[in-house]
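Colleague: Mind looking at a prediction? Sequence and model below.
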Amino acid sequence: MRFVRPAIGVLLVAVGAVWTIQGYGALKGSFMTGSPVWMWIGIACIGVGVLVLVRTFLRTGSSARRG
């Protein structure tokens, strides 16, 4: 169960990166290609994924120090 949050964070960052690149127009082959909306959605996903990872590792580190 302790791998669920980091996995979600990594997945959000990875998907967000793909959407950002597609929205920017550098990755072709989708309806998202060249659409600034998808670029901003991707950036938001990356931000949320980073927040999930930071909170997960800060919480894990602080509980390990207490124990």
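Modeller: Good, I have the coordinates.

Colleague: max-length helix in this structure?
Modeller: For the chain, the helix with the greatest residue count under DSSP state H is helix 36-66.

Colleague: do you know how far the nearest residue to Met39 once chain neighbours are set aside is from Cys45?
Modeller: If the residues on either side of it in the chain are set aside, Met39 comes closest to Gly23, at 2.8 Å by CB to CB, 6 or more residues apart in numbering. No exception for glycine: its C-beta is placed from N, CA and C like everyone else's. As judged by CB to CB, to the nearest Å, Gly23 and Cys45 stand 11 Å apart.

Colleague: elements contacting the helix or strand harbouring Gln22?
Modeller: Here Gln22 is covered by helix 4-24, with elements defined by DSSP states H and E. In this structure, helix 4-24 packs against helix 36-66, with contacts taken as 3 or more CB pairs under 8 Å, 6 or more residues apart in numbering; DSSP states H and E.

Colleague: In terms of secondary structure, what does the helix it packs on contact?
Modeller: Counting contacts by 3+ CB pairs under 8 Å, 6+ apart, helix 36-66 packs against helix 4-24.

Colleague: Centre of the chain to the helix it packs on, how far?
Modeller: 4 Å (CA atoms, centre = their mean, to the nearest Å).

Colleague: Show me what counts as buried in it.
Modeller: Arg5, Gly9, Leu12, Val13, Gly16, Ala17, Trp19, Thr20, Ile21, Gln22, Gly23, Tyr24 (16 or more other CB atoms under 10 Å).

Colleague: Then stretch 27-44?
Modeller: Buried, per 16+ other CB under 10 Å, within stretch 27-44: Met32, Ser35, Trp38, Met39, Ile41, Gly42.

Colleague: Just put these in a markdown table and tack on pLDDT and distance to Val50.
Modeller: Putting the buried residues of stretch 27-44 into a markdown table (pLDDT from 0 to 100; distance: CB to CB, whole Å) gives the following:
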| residue | pLDDT | distance to Val50 |
| --- | --- | --- |
| Met32 | 85 | 21 |
| Ser35 | 89 | 23 |
| Trp38 | 94 | 19 |
| Met39 | 95 | 17 |
| Ile41 | 97 | 15 |
| Gly42 | 97 | 13 |
